[in-house]
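Enquirer: Sequence and predicted structure are below.
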Amino acid sequence: MKSLKKYNLILNLQIAIAFLFSILLANFLDLQNYVTAGIITILSIQDTKKKTLEIAYRRFLGYVIMLALVYLVFNIMGYSILSFGFFVLIFALINSRLDISIGLAPNVVMASHFFLKGHMELSFILNETLVYLIGLLMAIIVNLLIPMTNKDNNRGMLDDKIKNLLMYISNILNEKHLEDENKSEYIEYISKEISDTNRFFSIYENEIINRLENDLFNNDFYDLEYLNLRRKQYNILIKIFELSKNIDRNLVHTQKISEFIEEIYLGYYEKNTAISLIEKADTLLIFFKNLSLPKTREEFENRANLYIILEDLIQFLEEKYKFSRGSYEI
């Protein structure tokens, strides 16, 4: 919870400073609607520099479209409530189509200024554009100058815990020198690590939910989606861990799976889309399908479990690929 409090403190500090400087600068330049600059700033501050820049770009693109659309609608239909409502409808559809809806609300507010003014003279367009740019740029500047608490730390800790389980499973399948007694102790240790990780999942989820509920301006669900992804993957690994306990480590096929798990471990990080690993898994799947029939019941059961593990690993990787291709692409 300390990280949550630190996050809220720094975020609120950013918001207050950026809001104040935006209004002061816009007022110093003697701009009309100068308070709007502060509001634009508040809405544009995100938890990372990259996201702040992305939001600023999308909102300004929406602003340019808003200017063109307002000019067309008001000049054709006049400055009436009906025409303003028509503008909002068309503008919302365009925003949705171009995936820039994040700027819908502030840009509609900017459009309302023209509606209330009753004209679109060049001087007023320049005034509103400066107000908007001050709001966006101040959010970017303050975000760059004041470091946020690194929420990626929690993601990194979560990834490390999952990587550890990958390594543990690979070791169980690969370490021929493990005697039965040592193997039992190792498995017991892993089970405790799994319990600790389950607790971490709960703590991390509570922090994310609390942060979302307590921050009125944060509608970013990336961390929650990322947590759900890793939980799905972790549950798959627990299933693999249970299967790995009873597999013969001395067979060459076991070594292949162990080496592949180690390869996943080495390539396990947030921005990896897992495409190359999925291709490697498909190749291994073909290899197993083309093997000659097992000669003993023990070999049959061992190979069947390895095949299940491989299919589970493919599912593990596909979850990451689907996530990277979705709305939370990283």
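Expert: Received the coordinates, thanks. None of these values were measured; they are calculated from a predicted model.

Enquirer: only C-alpha atoms for contact and neighbour calcs from this point on.
Expert: Fine.

Enquirer: count of neighbours near residue 110?
Expert: Residue 110 has 21 neighbouring residues, counting by other CA atoms under 10 Å.

Enquirer: At which residues are the helices of the stretch 1-150 of the chain located?
Expert: Remark: helices assigned in the stretch 1-150 of the chain by DSSP state H, counting those that start in this stretch are 2-28, 35-44, 49-77, 81-98, 104-117, 122-145.

Enquirer: Quick one: mean pLDDT over the second one.
Expert: For helix 35-44, mean pLDDT rounds to 88.

Enquirer: And the contacts of it?
Expert: The contact list for helix 35-44 (CA atoms under 8 Å, 6 or more residues apart in numbering) reads 15, 18-23, 26, 52, 55-56, 106, 131-139, 217.

Enquirer: Deepest-packed of the helices of the stretch 1-150 of the chain, please.
Expert: Highest mean neighbour count among the helices of the stretch 1-150 of the chain (mean count of other CA atoms under 10 Å): helix 35-44, with a mean of 25.

Enquirer: Check the gap between residue 194 and residue 188 for me.
Expert: To residue 188, residue 194 is 10 Å away according to CA to CA, to the nearest Å.

Enquirer: More neighbours: the two, which one.
Expert: residue 194 (18 against 12).

Enquirer: before we move on, back to that, nearest to residue 319, out of the helices of the stretch 1-150 of the chain?
Expert: Nearest to residue 319 among these is helix 49-77 (23.5 Å), distances taken as CA to CA.

Enquirer: tilt between the closest one and helix 35-44?
Expert: Helix 49-77 and helix 35-44 are oriented at 130 degrees to each other (axes from the mean of the first three to the mean of the last three CA atoms, to 10 degrees).

Enquirer: same for helix 49-77, what does it pack against?
Expert: Applying 3 or more CA pairs under 8 Å, 6 or more residues apart in numbering; DSSP states H and E, one finds that helix 49-77 contacts helix 35-44, helix 81-98, helix 104-117, helix 122-145.

Enquirer: Go through those helices and name the closest to residue 323.
Expert: helix 81-98 (20.8 Å).

Enquirer: for that closest one, what is the average pLDDT?
Expert: The average pLDDT within helix 81-98 is 94.

Enquirer: And the contacts of that helix?
Expert: With CA under 8 Å, 6+ apart as the criterion, helix 81-98 contacts 62, 66, 69-70, 73-74, 77, 101, 103-104, 108, 115.

Enquirer: can you rerun that using 6 Å?
Expert: Helix 81-98 is touched from outside by 77, 101, with contacts defined as CA atoms under 6 Å, 6 or more residues apart in numbering.

Enquirer: Take it, keep the C-alpha atoms, and write them as CSV.
Expert: Below are the C-alpha coordinates for helix 81-98, written out as CSV (Å, rounded to 0.1, in the frame of the first residue of the first chain):
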residue,chain,number,x,y,z
ILE,A,81,-28.7,23.8,-30.2
LEU,A,82,-29.8,21.5,-33.0
SER,A,83,-26.7,22.1,-35.1
PHE,A,84,-24.5,21.7,-32.0
GLY,A,85,-26.2,18.4,-31.2
PHE,A,86,-25.7,17.3,-34.9
PHE,A,87,-22.0,18.2,-34.6
VAL,A,88,-21.6,16.1,-31.4
LEU,A,89,-23.2,13.1,-33.1
ILE,A,90,-20.9,13.3,-36.2
PHE,A,91,-17.9,14.1,-34.2
ALA,A,92,-18.4,11.2,-31.8
LEU,A,93,-18.7,8.8,-34.8
ILE,A,94,-15.5,10.2,-36.4
ASN,A,95,-13.7,9.8,-33.0
SER,A,96,-14.8,6.2,-32.7
ARG,A,97,-13.8,5.4,-36.2
LEU,A,98,-10.3,6.9,-35.8
